[in-house]
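Student: Build me a structure from this.
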Amino acid sequence: MKRLIPCVILLLAACAGADQVGRLQPSGYLPDAQALVDQADWSVPETVSVEMTDYAFTPDDLVFHRGRPALLVLRNTTERDHTFVSTGFFKAIAVRQVASGAAVEPGPYVEKIVVPAGATKEMLFVPGGFGAWNFECDRTGHAMLGMKGVVAVR
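Tutor: The predicted structure follows:
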């Protein structure tokens, strides 16, 4: 039994996961993402704040505008980790950075954001394409319990 406890702790830590943000372009993502980030005026980004609870995003209907720099603030007010995942949306944006406190991960590409219990993450980005996409928390069962929404770029 004593051997099992460290294994369970390691497994739970692995399940928590980490942000997937980087400079390498995943398949299907904006080819000019870094240029969009470099050309943007970051002085006054359009800001949308989202509270992550058990099991909901509030609000769950997000709207951004193509070409306008934006700041998405994700506040996890629970005692468990949550994620923000939207492959279609992530493919249509150019990310300047994802930040939590002093930790900053530069973009221009993001595939997943993990917001630890009680933490806040901020993503600065520029929408490069129009559309509407579903987003969700990909923790087991969270989306099924209602932790999902729609993000649109107009």
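
Student: if you skip the residues just before and after it, what's nearest to the residue most central in space within the chain?
Tutor: By C-alpha atoms, centre = their mean, the mean C-alpha position of the chain lies nearest to Ile113, the distance being 3.7 Å. Leaving aside its chain neighbours, Ile113 sits nearest to Phe84 (4.4 Å; criterion: C-beta to C-beta, 6 or more residues apart in numbering). The way it works is simple: take the backbone N, C-alpha and C, and place the C-beta from them, glycine included.

Student: Go ahead and confirm the one you found touches Thr120.
Tutor: No: taking contacts as C-beta atoms under 8 Å, Phe84 lies outside contact range of Thr120: 12.0 Å.

Student: Counting by contacts, list what the helix or strand hosting Val37 packs against.
Tutor: Here Val37 sits within helix 33-39, counting by DSSP states H and E. Identification of packing neighbours for helix 33-39 by 3 or more C-beta pairs under 8 Å, 6 or more residues apart in numbering; DSSP states H and E yields strand 93-100.

Student: any idea of the mean pLDDT in the strand it packs on?
Tutor: Strand 93-100 carries an average pLDDT of 96.

Student: That one - contacts with which helices or strands?
Tutor: Judged by 3+ C-beta pairs under 8 Å, 6+ apart, the packing partners of strand 93-100 are strand 20-22, helix 33-39, strand 103-106, strand 109-115, strand 120-127.

Student: who's in contact with that strand?
Tutor: For strand 93-100, contacts defined as C-beta atoms under 8 Å, 6 or more residues apart in numbering pick out 19, 21, 30, 32-37, 40, 42, 69, 104-110, 113, 115, 119-128, 153.
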